[in-house]
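A.B. asks: Here you go, sequence then predicted model.
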Number of protein chains: 2
Amino acid sequence: MSPARRSTRDRPAKPPLSEEAVVDAALAILKSEGLDAVSMRRVATALDTGAGSLYVYVSGRDGLLQAMQDRVMATVELDQPDPAHWHAQLHTLLARMHGALVAHPGIAATTLAIAPRSEAALLLQENLLGILLAGGLDPQRAAWATDVFAALVTHAAVEDDVRRTGHQELGAELQQAFAGLPTDRFPLITAYATQLVAGDAGQRFRFAVDVVIDGLLAGNGKA
Amino acid sequence: MSPARRSTRDRPAKPPLSEEAVVDAALAILKSEGLDAVSMRRVATALDTGAGSLYVYVSGRDGLLQAMQDRVMATVELDQPDPAHWHAQLHTLLARMHGALVAHPGIAATTLAIAPRSEAALLLQENLLGILLAGGLDPQRAAWATDVFAALVTHAAVEDDVRRTGHQELGAELQQAFAGLPTDRFPLITAYATQLVAGDAGQRFRFAVDVVIDGLLAGNGKA
DNA sequence: CATTCGTGACAAACACTGTTCGTTCGCGTG
DNA sequence: CACGCGAACGAACAGTGTTTGTCACGAATG
């Protein structure tokens, strides 16, 4: 017997591996150490096992990331679409999606690289489509609009991540950078530096959503 | 003298390294082999040198990607904002940005991970802001709108990449996937599968841009 | 109770990755 | 002609994802 080998009988009854346990461990590492720290070996170490063992429950790193993304999406609560409150419901749903992504920094970045065709993502799209149709939108426009909203949510979440884990440029420094540019080549950016960095993430996200809603309503019935 | 060592005098007058040469080689590899193939060693091999030599001209892989992104952004032509044609100018500029990104598959994915604070990106934002202001938009709304448009362009380009390098699901297969879902849990997605996958990348992108423009105009003067 | 069996964990190995750094060598300068 | 400076090199380090042969354990069998 190898000296370092521990018999299973010696171990304190380690719970068996499972996809759920792997994803849980990966999400814990993601939250505490960031996306780059989520490596097969790192997750395996957290589970007190070897990297190779994970491949039984997860098809490689991409599969793990997709499973994590799926898990996060599944936490978003859904409401039955109601034509009387579709406007508020839309804002609520998008805010929940946005919140779920920023609650797990780093996941948003993977949402783009991997086409979200998971169960949970589809349920989200179903609900989103239902709310838009409840709002009286033309089906074709509603269908395309789901993609636009997905883009806004993802983009906002990624920007949030960058701004938090990045250089801690909490607006003030960024405004300095904008205002400090050469005035002759960047007259507008320097002039409107205040407006460019105005608002927190929530305000900017709500603005984007409102603009798209207004645009959908304004153009309804058009081409 | 080591047997494998070739004197510089023997070599066919290799042109000296430079940031431009490094970025050129990296872009060539990106176009022919994809983003994952753009590694320091791979780029160095293309330049017939060692990976370490690149660090004189580029600050690591992230710096290289940023330089590549900058180079691509710099290819976008800019027009002097004209209030009489701001609508067309906006479409043209965004289409050019979109085109530049899809012309270099993989670059779009990095645009999100790295905050585009490069010279070329700022000039683009300056021009975009100018066109929006020429359209008579409120400065605060115009400033925030630049971010929304950036999100749309990036998202559309990424989706383009995924759809091309992905599973070659050219709409028909994707529609099959949508329509084949359980009708009881996905009544809307199955019912509107046609609308969800309708249109090519260009049509969908133009729809998104039009919606945002309509929304900006509809809401101008509001909060 | 003894033995076999198969499942699933394990660790090592492979082929990579980004990055650092000591050494060396060619070329322009004095 | 000799020098030195800066750029290029290649080895080394610490990682990465993934595959695979081996082996110990628990349960089922005789």
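C.D. replies: Structure's in. What do you need?

A.B. asks: what comes into contact with the helix or strand of chain A with the lowest mean pLDDT?
C.D. replies: In chain A, the helix or strand scored least confidently by mean pLDDT, DSSP states H and E is helix A:107-113, which has a mean of 79. Identification of contacts with helix A:107-113 by CB atoms under 8 Å, 6 or more residues apart in numbering or on different chains yields A:30, A:35, A:65-66, A:68-69, A:72, A:101-102, A:154, A:157-158, A:160-161, B:109, B:112-113, B:155, B:158, B:162. Placement of C-beta: from N, CA and C, glycine included.

A.B. asks: May I see the buried residues of the strand or helix carrying A:Trp144?
C.D. replies: Using DSSP states H and E, A:Trp144 sits in helix A:139-165. Of all the residues in helix A:139-165, those buried under the rule 16 or more other CB atoms under 10 Å in any protein chain shown are A:139-163.

A.B. asks: Next: stretch A:77-86.
C.D. replies: For stretch A:77-86, by 16+ other CB under 10 Å, it's A:Pro81, A:Trp86.

A.B. asks: same deal with stretch A:33-41?
C.D. replies: Buried, per 16+ other CB under 10 Å, within stretch A:33-41: A:Leu35, A:Val38, A:Met40.

A.B. asks: can you tell me which of these lies nearest to DNA strand D?
C.D. replies: For the buried residues of stretch A:33-41, the residue nearest DNA strand D by CB to the nearest atom of the strand is A:Met40; the value is 3.5 Å.

A.B. asks: In contact with that closest one, which residues?
C.D. replies: Counted by CB under 8 Å, 6+ apart, A:Met40 has contacts A:Ala51, A:Leu54, A:Arg61, A:Leu64.

A.B. asks: So the last one: helix, strand or coil?
C.D. replies: Secondary structure, DSSP: H, G, I helix; E, B strand; the rest coil: A:Leu64 is helix.

A.B. asks: Next one, pLDDT for it please.
C.D. replies: Here, the pLDDT recorded for A:Leu64 equals 94.

A.B. asks: who's in contact with it?
C.D. replies: Listed by CB under 8 Å, 6+ apart, the contact set of A:Leu64 reads A:Val22, A:Val23, A:Ala26, A:Val38, A:Met40, A:Val43, A:Leu54, A:Val58.

A.B. asks: go again using 6 Å as the cut-off
C.D. replies: Neighbour list for A:Leu64: A:Ala26, A:Val58 [criterion: CB atoms under 6 Å, 6 or more residues apart in numbering or on different chains].

A.B. asks: So which of the contacts of A:Met40 sits lowest on pLDDT?
C.D. replies: The member of the contacts of A:Met40 with the lowest pLDDT is A:Ala51, and it reads 87.

A.B. asks: returning to what we had before: what's the first helix or strand after the helix holding A:Trp144?
C.D. replies: Next element after helix A:139-165 (DSSP H and E): helix A:172-179.

A.B. asks: what about the helix or strand following that following helix, near chain B?
C.D. replies: Once the chain leaves helix A:172-179, the next helix or strand it forms, by DSSP H and E, is helix A:187-191. Yes. For helix A:187-191, a contact with chain B is found by CB under 6 Å from any CB of the partner chain, at A:Leu188, A:Ile189.

A.B. asks: what's helix A:187-191 in contact with?
C.D. replies: A:Phe178, A:Ala179, A:Leu181, A:Thr183, B:Glu126, B:Leu129, B:Gly130.

A.B. asks: In ChimeraX, how would I select the buried members of the residues you listed?
C.D. replies: Command for ChimeraX that selects the buried part of the contacts of helix A:187-191, burial taken from 16+ other CB under 10 Å:
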select /A:178,179,181 /B:126,129,130
